[in-house]
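S.K.: dropping the sequence and predicted coords here.
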Amino acid sequence: MKLYAISDLHLSYRANRAALEALPPHPDDWLILAGDIGEREVHLEYALAILTRRFARLIWTPGNHDLWTPPTDAGGLRGEAKYRRLVAICRAHGVLTPEDPYVRWPGAGPACLLAPIFTLYDYTFRPADVPAGAALGWAGASGVACNDEEYLHPDPYPSRADWCAARSAATAQRLAEAARQAPLVLIGHFPLRHDLVWLPLTPRFSIWCGTCRTERWHTRFRALAVVYGHLHIPKTHWRDGVRFEEVSFGYPRQRRDSHGLEHYLREILPGPN
C-alpha cells in the first residue's frame, strides 16, 4: 500500500485527458490530487469518476485554476461559494478535502496524519524592497501576468490576500491541534516557502505562488513531508530535514518525454529510499 501524489492535471487538454484514461489501476493505493485538475467543474467530476475506481482513496485540495469563474460561465459561482461547491463534489465521490478531518495513514512507514490544506497566496513572495501595493506592477514590468486577476474571484472577501489571510489563520489553528497527535504530511497546491519557487523563465510570477505566512509550517507543525504543485517543475527539495515534493504533471508542451501519467506519480509514503 502506497500513498502517491500528482497535481496540475489540467484536463482541458486532450492529451492530458488521454493520459488520465490510460493510467493503470492501483487498487490498494491512495492518491493525492494537489490542485489544478482543470478550469471547470466537469473536469473535476471527470477526474474523480475515473480515479475513484482506480485507487482505494483520494485526497484533494484546490488549485487556482479549479477556482476560476471564466467570463463564459455567466452566473457561475465565485470565490468561497465556488470552493464549497468543489468540496461538495469531492464529498459526493467519497474524496477527502481540506474541510474534512485529517486521516491517519494506515499503511507502512511512520505513523502520521494526512492534512490537505488550502491557503491561496497574498503577493508576499516578492523582494523585500517591493512594497505590497507595487507587487503587480513589479511583475508586470517583466511582462508577467496571471489570469487569476480576472478569473479567480475572492468573494465575499475584499481581495485574494484577505481570503489567504483568513484561510491561513484557520488552517494554522487546525494544524497546531493535529500536530499534537502525530507528525503530519502537509498537502497543498501552493509552495509553502518562497525559496522553493524556482521559475527560471518567469521569476516574477512568484507573487501568485504562495504566502510568507506558511514559511515555517514544515517545522512548526512537525511535517514528515510536504506535497505541492503549481510550478509545473516536478522536483524534490529538502528543508530542515523535511522532504518537499513538487508533483505537477503540467501542460503537454512542458513534457519532452513520452512517459504516461504513471511515470509522474510521486511516492509520498512509505517514501522513496
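M.R.: That came through, no problem.
S.K.: burial count for the closest residue to Arg53 other than its chain neighbours?
M.R.: Nearest residue to Arg53, sequence neighbours excluded (Cβ to Cβ, 6 or more residues apart in numbering): Pro25, at 7.6 Å. Heads up, the C-betas are built off the backbone N, CA and C, glycines and all. If you count neighbours by other Cβ atoms under 10 Å, Pro25 ends up with 9.
S.K.: list the residues that contact Pro25.
M.R.: With contacts defined as Cβ atoms under 8 Å, 6 or more residues apart in numbering, Pro25 is in contact with Arg53, Arg54, Phe55.
S.K.: swap in Gln181?
M.R.: Leu113 are the contacts of Gln181 under Cβ under 8 Å, 6+ apart.
S.K.: give me the pLDDT for the residue nearest to Arg85 when sequence neighbours are not counted.
M.R.: Using Cβ to Cβ, 6+ apart and skipping the chain neighbours, the partner closest in space to Arg85 is Leu77 (5.3 Å). Note on Leu77: pLDDT of 94.
S.K.: give the contact list for Tyr4.
M.R.: So Tyr4 contacts His26, Asp29, Trp30, Leu31, Ile32, Phe55, Leu265, Arg266, Glu267, Ile268 (Cβ under 8 Å, 6+ apart).
S.K.: find the residue at the geometric middle of this protein.
M.R.: His189 (1.5 Å; Cα atoms, centre = their mean).
S.K.: now name the helix or strand holding it.
M.R.: Per DSSP states H and E, His189 falls between elements, in no helix or strand.
S.K.: so what strands line up beside the helix or strand hosting Val227?
M.R.: Val227 belongs to strand 223-228 when assigned by DSSP H and E. Strand 223-228 pairs in its sheet with strand 184-187 (parallel), strand 242-246 (parallel), by DSSP bridges.
S.K.: got the buried residues for the helix or strand just after it?
M.R.: For strand 223-228, the succeeding helix or strand toward the C-terminus, using DSSP H and E, is strand 235-239. Using 16 or more other Cβ atoms under 10 Å as the test for burial, strand 235-239 gives Arg239.
S.K.: check stretch 38-53 too.
M.R.: Gly38, Glu39, Arg40, Glu41, His43, Leu44, Glu45, Tyr46, Ala47, Leu48, Leu51, Thr52.
S.K.: check contacts around the fourth one.
M.R.: If you count contacts by Cβ under 8 Å, 6+ apart, Glu41 has them with Arg85, Leu86, Ile89.
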